[in-house]
Each structure stands twice: as structure tokens, then as C-alpha cells.
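Novice: just the structure for this:
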Amino acid sequence: MASSNHQDTCIIGINDQQVHPLAFSIVWSPLPPITWLLPFIGHMGITTSQGIACDFQGPYNVGDRGRMAFGRATRALQIDITSLPGGAEQWDRSVIRANAEYRTRMHNICCDNCHSHVAYALNDMEFKAFGIQRWDMVKLCFLVFLKGRFLSLGGFLAQFAPFGVFVLIVLLVKLL
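Specialist: Numbers count the residues shown, from 1 in each chain. Have a look, this model is predicted:
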């Protein structure tokens, strides 16, 4: 269930001495079994200035305590916010607004999903990067697939090993 005070879990402000390694990031995790067949499709969230992952987890439900719906993030694309007017405070305000908005929405796997939640936050802050001025789920999907870094070897394997096994089975069946 959602916390009663959502603002407490997405803290505004940042301690310059101890920046979380996933602060200001778009985070991604595999979405079994879809990722097994289409490895560029997965679950997405956005982190606060404190590195707390926030993700649209289902109808009227946004996780904002760092626990993503499908497990730990396996990929991340850290965003440089130096050109963002309002900096960390603006980033956090927009994440909080996206969380509040998506707590009022029904989840639709194809049209209004976790990627849309992240796009909402980035559009709310009017963030421009990677040649993108208006964010949407397709742009985010391919941006993280092409530019996001893996957080571990296990994350790489979770994304690509099932697909590799699937391709091997198809090839073996064709050859036999």
C-alpha cells in the first residue's frame, strides 16, 4: 500500500558529500517473460536525488521506497542535471508530481505504463538531453537499451541469457 506521506519518501535536497551512485537515474529491470523474448522491453523507474527508485507498479500504485516491482534494477542511465534549471530540487519535485499523478491512473501495459511514468517526470521538469525534448515510452525504451549501463554481470545475464537460450533452441530445431 502507498505510504501516507509520499513526500517523505522522495526527499528534496542533496548532500554533496554523499551522492548515491544511482541518484538522478533512469533505472531498468527485466520483465519476465517478455524480456526473455524481446530483451529491449522491461520495467522502468526513475530515481530521486537520493537514489530512491520510484516506479509505476500497477493500477493506482507507485512504488517510491526504492523497491521496484520486478526486483532490483539491472541497468541504469545516470542523467547529468547540471543544465536543469532548479537542479536537484526541480528533479525531485517532478518525480514527486509524476508519482502523485500515476497514483490516479489505471495501468495499461501498452499505452500508459512504467515508461510513461518516467516520461511524465522528465517532461514535467522540461528536461532536454540526448537530442530529446519531448519524452515518451518508445524513446525511453531505446535510450536505456542503447545507452544504459549494466549494474552487474548478473544484470546482463538476466537480460540476455534467456533470449540467447531461446535463439539457440530455434537454431537447433531448424538445423535438426
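
Novice: now the helices for this structure?
Specialist: Remark: helices assigned in the chain by DSSP state H are 6-9, 34-37, 87-102, 114-124, 137-147, 153-175.

Novice: got the contact list for the closest residue to residue 90 other than its chain neighbours?
Specialist: Of all residues not flanking residue 90 in the chain, residue 125 sits nearest, at 5.4 Å (CB to CB, 6 or more residues apart in numbering). To be clear about C-beta, it is placed using only N, CA and C from the backbone, and glycine gets the same treatment. Counting by CB atoms under 8 Å, 6 or more residues apart in numbering, residue 125 makes contact with 84, 86, 90-91, 93-94.

Novice: do you know how far residue 125 is from residue 160?
Specialist: Remark: distance between residue 125 and residue 160 (CB to CB, to the nearest Å) = 32 Å.

Novice: ok so, going back, list only those of the contacts of residue 125 flagged as buried.
Specialist: The neighbour-count test (16 or more other CB atoms under 10 Å) applied to those identifies 84, 90-91, 93-94 as buried.

Novice: closest one to residue 41 out of those residues, please.
Specialist: Using CB to CB, residue 94 comes nearest to residue 41 of the buried ones among the contacts of residue 125, at 24.8 Å.

Novice: roughly how far does the closest one sit from residue 43?
Specialist: Residue 94 is 20 Å from residue 43, where distance means CB to CB.

Novice: what sits against the closest residue to residue 47 other than its chain neighbours?
Specialist: Using CB to CB, 6+ apart and skipping residues adjacent in sequence, the residue nearest residue 47 is residue 25, 4.6 Å away. Listed by CB under 8 Å, 6+ apart, the contact set of residue 25 reads 46-47, 51, 76-79.

Novice: between those residues, which sits nearest residue 147?
Specialist: For the contacts of residue 25, the nearest to residue 147 is residue 77 (5.6 Å; CB to CB).

Novice: for the closest residue to that closest one other than its chain neighbours, which residues are in contact?
Specialist: Nearest residue to residue 77, sequence neighbours excluded (CB to CB, 6+ apart): residue 148, at 4.2 Å. Taking CB under 8 Å, 6+ apart as the criterion, residue 148 is in contact with 26, 28, 75-77.
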